[in-house]
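>>> Provide a 3D model corresponding to the input given below.
(4 chains)
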2 protein chains.
Amino acid sequence: MSDGPQAQTGQSLLFLTDEQLRKGIEAMFFAYRGFTADPDRILAEKSYGRAHHRAIHFIHRSPGTTVNNLLSILGVTKQSLNRVLRTLIEDGLVASTVGQKDKRERHLHLTADGAELERALSDAQRDRMRAAYRKVGPDAVAGFRQVLEAMMDDQTRHHFEAMKERTE
Amino acid sequence: MSDGPQAQTGQSLLFLTDEQLRKGIEAMFFAYRGFTADPDRILAEKSYGRAHHRAIHFIHRSPGTTVNNLLSILGVTKQSLNRVLRTLIEDGLVASTVGQKDKRERHLHLTADGAELERALSDAQRDRMRAAYRKVGPDAVAGFRQVLEAMMDDQTRHHFEAMKERTE
DNA sequence: CTTGGAAAGTCAATAAAGCTGACGTATTGT
DNA sequence: ACAATACGTCAGCTTTATTGACTTTCCAAG
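Presented below is the predicted three-dimensional model:
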């Protein structure tokens, strides 16, 4: 699998042509679409959308998070998140409990059903990612992660780093 | 910048934990959002959306492409694409010409104005990607591209490969 | 203890972008 | 001649987002 001039190492990257960059842009577009395809199918069956998936994902990763916190991570408006959150709570996938220290806050957790759905969704994505990782090897994976982090907004990277520290 | 256990090379990848995979999933989410943020701002000014961006991008990359071809690349319905295409043609960014060989086909091209907008949009993304590439170096970039390609659907990768061959 | 502001929830209106289904027209190919 | 293809379009629907305005509850500072 020859990968074109940009894989020749070192020097060639100093001549980053628009064409090479454009291919990176497209790879990002196509890969992201493939990346969301599996969960989308599962979600469609339950008539949920990506918004629900994102909420479930971040509640799973940060149990007890507040609505405001979720808002700043997801970068959407309160109204948008609330519509999603309401259906998840009604359907018994997410539990909302009043804060002990600050009673204005609601702390969000996944219920057993919610955790089950989270599992199904992330299994699908993990399988795809695991397959990709296995295919290309650890060095490529390290590079992948480095580029992704470098492409994030500063504020976004801050969210990401903060969560990394919690678990790594 | 230590990058956790998965950067330790070789062996560690055989123990791909769910946590490590989940971080890859999130990095993908955050990076994609950062990646589309710049063009989104430009598009919002002209009251266009991402759908317009995608159409412009692929018409630029494959000048003279037909509607059906664009449909299969973008993976949307005829009606969805048509709504976007109509506004682009009305606004004078895209030209649609009747096919010479097969007069049922319409061949799509960017006008001067269309090319100008394409340039503005891709410049924003290229700058971000160039910055990321410069930051992490050529080996990481090669790995990045390899993982992205490995994550695509087979059919999608076929689109991507086909276009690669045209230019590389 | 009052009051300002923060956290959350909600109502209404709007928009972008996708979908399905049904049709019509021009053109091609069998 | 006739079926199939490529395109365009009409109508109606859904999801996901937006903004603006408002209420309730609650914390904390003056």
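>>> residue in chain A nearest to chain B?
Going by CB to the nearest CB, chain B is nearest to A:Gly143 of chain A, at 2.5 Å. From N, CA and C alone the C-beta is placed, and that goes for glycine too.
>>> so who does that residue touch?
B:136, B:139-144, B:146-147 (CB atoms under 8 Å, 6 or more residues apart in numbering or on different chains).
>>> As a markdown table, these with pLDDT and distance to A:Lys101 would be great.
A markdown table is the format used below for the contacts of A:Gly143 (pLDDT from 0 to 100; distance: CB to CB, whole Å):
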| residue | pLDDT | distance to A:Lys101 |
| --- | --- | --- |
| B:Val136 | 91 | 41 |
| B:Asp139 | 89 | 47 |
| B:Ala140 | 91 | 43 |
| B:Val141 | 90 | 46 |
| B:Ala142 | 91 | 49 |
| B:Gly143 | 92 | 44 |
| B:Phe144 | 94 | 43 |
| B:Gln146 | 93 | 47 |
| B:Val147 | 94 | 42 |
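>>> from the residues you listed, which is closest to A:Asp91?
The closest of the contacts of A:Gly143 to A:Asp91 turns out to be B:Val147 (CB to CB; 34.6 Å).
>>> Just give me the residue closest to the centre of chain A.
Nearest residue to the geometric centre of chain A (CA atoms, centre = their mean): A:Arg54, 6.9 Å.
>>> What's the separation between it and B:Arg83?
Separation of A:Arg54 from B:Arg83 (CB to CB, to the nearest Å): 26 Å.
>>> Do any residues in the longest helix anywhere in chain A lie close to DNA strand C?
As assigned by DSSP state H, the longest helix anywhere in chain A is helix A:18-45. No. Applying CB under 7 Å from any atom of the strand, one finds helix A:18-45 out of contact with DNA strand C, separated by at least 10.2 Å.
>>> That helix - contacts with which helices or strands?
Using 3 or more CB pairs under 8 Å, 6 or more residues apart in numbering or on different chains; DSSP states H and E, the elements in contact with helix A:18-45 are helix A:50-61, helix A:112-136, helix B:18-45, helix B:50-61, helix B:112-136, helix B:138-151, helix B:154-167.
>>> Output the ones you listed in a markdown table, with distance to DNA strand D appended to each entry.
Listed next are these as a markdown table, based on distance: least, CB to the nearest atom of the strand, whole Å:
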| stretch | distance to DNA strand D |
| --- | --- |
| helix A:50-61 | 3 |
| helix A:112-136 | 13 |
| helix B:18-45 | 10 |
| helix B:50-61 | 11 |
| helix B:112-136 | 16 |
| helix B:138-151 | 21 |
| helix B:154-167 | 16 |
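>>> Highest mean neighbour count out of these?
helix B:138-151 (a mean of 24; mean count of other CB atoms under 10 Å in any protein chain shown).
>>> thinking A:Ala55 is in contact with A:Leu70, fair?
Yes. Between A:Ala55 and A:Leu70 there is a contact under CB atoms under 8 Å: 6.9 Å.
>>> so what sits against both of those two?
Contacts common to A:Ala55 and A:Leu70, judged by CB under 8 Å, 6+ apart, are A:Leu81.
>>> now A:Thr36: how far from B:Asp38?
21 Å.
>>> correct me, but A:Leu148 touches B:Val147?
No. Applying CB under 8 Å as the test, A:Leu148 and B:Val147 come out as separate, 9.3 Å apart.
>>> how much space is there between the closest residue to DNA strand C within chain A and A:His158?
DNA strand C sits closest to A:Asn68 of chain A, with a gap of 2.8 Å, by CB to the nearest atom of the strand. Distance of A:Asn68 to A:His158, given as CB to CB: 16 Å.
>>> residues touching the closest residue to A:Val94 other than its chain neighbours, list them.
Once flanking residues are discounted, A:Val94 sits nearest to A:Leu88: 4.2 Å by CB to CB, 6 or more residues apart in numbering or on different chains. Shown in contact with A:Leu88 (CB under 8 Å, 6+ apart): A:52, A:55-56, A:94, A:114.
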